[in-house]
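Peer 1: Requesting a structural model of the entry that follows:
(2 chains)
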Amino acid sequence: MFIKKKIFVITGQTATGKTAKALSLVDELNGELINADSRQVYKKLDIVTGKDLNLLSNVKIWLYDIVDPKDQFSSFDYVKRATSCIDEIISRGKTPILVGGSYFYLKHLLYGYDVQVEPNEKLRTELNEVSIDDLQKTLQNENPRVFEKLNQSDRYNPHRLIRKIEITRGENVKRVKASVSGIYDIYNVKMMGFKFKDNKTLESTITDRVKKRVNNGALNEVKTLLDEGYSADHPGLQTIGYQQIIIHMHNVIDFDEMLAQWISKEIQYAKRQLTFMKKDANIFWV
RNA sequence: CCAGGGGUGGCGGAGUGGCCAAUCGCAAUAGACUGUAAAUCUAUCGGGCUUGCCCUACGGGGGUUCGAAUCCCUCCCCCUGGA
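Peer 2: Numbering: from 1, shown residues only, chains lettered A, B, ... in the order given. From the prediction side, this is the model:
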């Protein structure tokens, strides 16, 4: 019988001060920070994604700036990277503190997943042109059992349908069913969730935060990225803020409209985060 | 003042006699979430209940009609051109 090592997870809605909280725990817990934000893993995406570079000027945070914005990165990649960070930190006798609001990534890391079929970019781009109707028919033909189990939302969700088709075909090539178990049972995981007390404060806080990012040079950041050859369809830029600024720079919408849309999308995102995380009974809400 | 165009649900914007409580987009509310996840998708979205019906609704008022957001009269407001 050995004592499980401790891991801290600080998650919750965007703009609730997770990073500050995590920082305050570093000394107390003899900890090291690991990013759990699906956008901040990207290099060069700093201002719009709200990397707390000033807060973190003296403290190392793992998994910031590890991929180029034009490269694909997935929850699978995240789990791999985060797992090795955790091992490494623990081997040095310290406590990992995961910080970030990408619950999808955390969920996979903590609780695992059971299918391992690699993404097939060629198939994805091909299927991206296919209508929902035909995607449904394709899956229904190739894997009726899986199709029947989908709820209505998923049946109309191109990404999900494409992934299911991808898995079906991948499994036909080689039988891969090796499930990956999460780390939740291996460690003594303490999860802390931050959320707004009501939608009013959520809205005003996010509005302020977005405006601050604009004042901090969000537009310049995007301009630089575009000058360097990045574009709206690169994975890293499929992100709230970048999408709106880019169409503004292409003169599709004016500045005020861009700001309003950015704020609105950010608010919607925060609400979606909570809907998702609410279901996790292990999160202790503060 | 004259001529022309227009006022539709929180916003944008269809509809031009019955199929209209009113297409659609946005916002809003609830939700889904196993390798794109700050992605993507679903449901609801005037009010009431016995869920089929009732009520209130397309700038205000009046009228025509079995029946009007849709036609006529009038008033108010907005835009464009002319004086």
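
Peer 1: For the closest residue in space to A:Ile167 that isn't next to it in sequence, give me its contacts.
Peer 2: Spatial nearest neighbour of A:Ile167, chain neighbours left out: A:Val117 (4.6 Å); criterion: C-beta to C-beta, 6 or more residues apart in numbering. From N, CA and C alone the C-beta is placed, and that goes for glycine too. When contacts are counted by C-beta atoms under 8 Å, 6 or more residues apart in numbering, A:Val117 touches A:Glu166, A:Ile167, A:Gly170, A:Glu171, A:Val176.

Peer 1: Model confidence for the third one, exactly?
Peer 2: The reference is to A:Gly170. The model reports A:Gly170 with a pLDDT of 88.

Peer 1: Then A:Lys4?
Peer 2: 89.

Peer 1: anything in stretch A:136-154 near RNA strand B?
Peer 2: Yes: judged by C-beta under 7 Å from any atom of the strand, stretch A:136-154 comes into contact with RNA strand B through A:Asn151, A:Gln152, A:Ser153, A:Asp154.

Peer 1: wait, which of these is closest to RNA strand B?
Peer 2: Among the residues of stretch A:136-154 next to RNA strand B, A:Ser153 lies closest to RNA strand B (C-beta to the nearest atom of the strand), at 3.3 Å.

Peer 1: now what about stretch A:133-151, what contacts it?
Peer 2: Here stretch A:133-151 makes contact (C-beta under 8 Å, 6+ apart) with A:Leu127, A:Val130, A:Arg155, A:Pro158, A:Arg160, A:Leu161, A:Ile162, A:Lys164, A:Ile165, A:Ile167, A:Thr168, A:Arg169.

Peer 1: Let me know the distance separating the second one from RNA strand B.
Peer 2: Between A:Val130 and RNA strand B the computed distance is 11 Å (C-beta to the nearest atom of the strand, to the nearest Å).

Peer 1: What about that residue, how many residues nearby?
Peer 2: 16 (other C-beta atoms under 10 Å).

Peer 1: Now rank the residues of stretch A:136-154 next to RNA strand B by neighbours and give me the top one.
Peer 2: A:Asp154 leads the residues of stretch A:136-154 next to RNA strand B on contacts (other C-beta under 10 Å) with 14 neighbours.

Peer 1: quick one: low-confidence parts of chain A?
Peer 2: Residue ranges of chain A with pLDDT under 70: A:1, A:173-178.

Peer 1: circling back: quick one: the residue nearest to A:Ile167 from A:Leu123, how far?
Peer 2: As for A:Val117, its distance to A:Leu123 is 11 Å (criterion: C-beta to C-beta, to the nearest Å).

Peer 1: Now for the two: what residues contact both?
Peer 2: Here A:Val117 and A:Leu123 have A:Glu166 as joint contacts, going by C-beta under 8 Å, 6+ apart.

Peer 1: what residues are up against A:Val79?
Peer 2: Taking C-beta under 8 Å, 6+ apart, we find A:Val79 in contact with A:Tyr105, A:His108, A:Leu109, A:Val180.

Peer 1: try 7 Å this time
Peer 2: Neighbouring residues of A:Val79 by C-beta atoms under 7 Å, 6 or more residues apart in numbering: A:His108, A:Leu109.

Peer 1: doesn't it fall inside a helix?
Peer 2: Yes: the assignment for A:Val79 by DSSP: H, G, I helix; E, B strand; the rest coil puts it in a helix.

Peer 1: residue ranges of the strands in chain A, please?
Peer 2: A:6-12, A:31-35, A:61-62, A:95-99, A:112-113, A:180-181, A:188-194, A:283-285 (DSSP state E).

Peer 1: Could you find the closest non-adjacent residue to A:Tyr269?
Peer 2: A:Ile240 (5.9 Å).

Peer 1: before we move on, back to that, mind putting the strands of chain A in CSV, distance to RNA strand B and mean neighbour count included?
Peer 2: Output for the strands of chain A, formatted as CSV (distance: least, C-beta to the nearest atom of the strand, whole Å; neighbours: other C-beta atoms under 10 Å):
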stretch, distance to RNA strand B, mean neighbour count
strand A:6-12, 10, 23
strand A:31-35, 10, 24
strand A:61-62, 13, 22
strand A:95-99, 12, 25
strand A:112-113, 3, 15
strand A:180-181, 8, 14
strand A:188-194, 14, 19
strand A:283-285, 13, 14
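
Peer 1: before we move on, back to that, are any of the contacts of A:Val117 buried, and which?
Peer 2: Neighbour-count burial (16 or more other C-beta atoms under 10 Å) is assigned, among the contacts of A:Val117, to A:Glu166, A:Ile167, A:Gly170.
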